[in-house]
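Enquirer: just the structure for this:
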Amino acid sequence: MYIYNVSVKVETHKADEWLAWMKQKHIPDVMATGFFTEYRMSRLLDDGDLDGITFVMQYVCNTLDDYLNYKTQFAPALQKEHSEKFASDVVAFRTVMEIL
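Expert: You can find the predicted model right below:
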């Protein structure tokens with residue numbers, strides 16, 4: 001199994017709006033692709049930065065091919081929508097991990 005990990009630093013003044021949009025729109029859209037079996041959303045505590053809040057989404061998929069298919073078929077449009085909505089108020093960092 002694999003985890004698609006997305007860490008997002010959100011400007012404090014946009015955090016509530018971003019969090020609501022993620023829960024109501026973006027995460028459901030990602031899960032609707034059918035490539036992920038579950039997800040977790042977390043907030044990084046005590047990150048030491050007063051100018052933003054860091055959130056982490058972890059999407060679990062069964063195979064690396066599931067992730068790669070998501071990445072090519074759906075990720076560009078979903079990431080574009082996210083970028084257009086929140087522009088310079090967020091910075092995202094993405095990684096993929098294998099569950100051992």
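Enquirer: mind listing the strands for this protein?
Expert: 2-11, 38-43, 52-61, 90-98 (DSSP state E).
Enquirer: including mean neighbour count, could those strands go into CSV?
Expert: C-beta: built from backbone N, CA, C; applies to glycine. Below are the strands of the chain laid out as CSV (neighbours: other CB atoms under 10 Å):
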stretch, mean neighbour count
strand 2-11, 18
strand 38-43, 12
strand 52-61, 19
strand 90-98, 13
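Enquirer: quick one: which of those is nearest residue 26?
Expert: Nearest of the strands of the chain to residue 26, taken as CB to CB: strand 52-61 at 8.7 Å.
Enquirer: report the angle between the axes of the closest one and strand 90-98?
Expert: Taking axes from the mean of the first three to the mean of the last three CA atoms, to 10 degrees, one finds strand 52-61 and strand 90-98 inclined to each other by 30 degrees.
Enquirer: list the buried residues for stretch 22-33?
Expert: Buried positions in stretch 22-33, judged by neighbour count with 16 or more other CB atoms under 10 Å: 22, 26, 27, 30, 33.
Enquirer: hmm, back to that, redo the strands of the chain as CSV? Include distance to residue 75.
Expert: Output for those, formatted as CSV (distance: least, CB to CB, whole Å):
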stretch, distance to residue 75
strand 2-11, 9
strand 38-43, 15
strand 52-61, 11
strand 90-98, 9
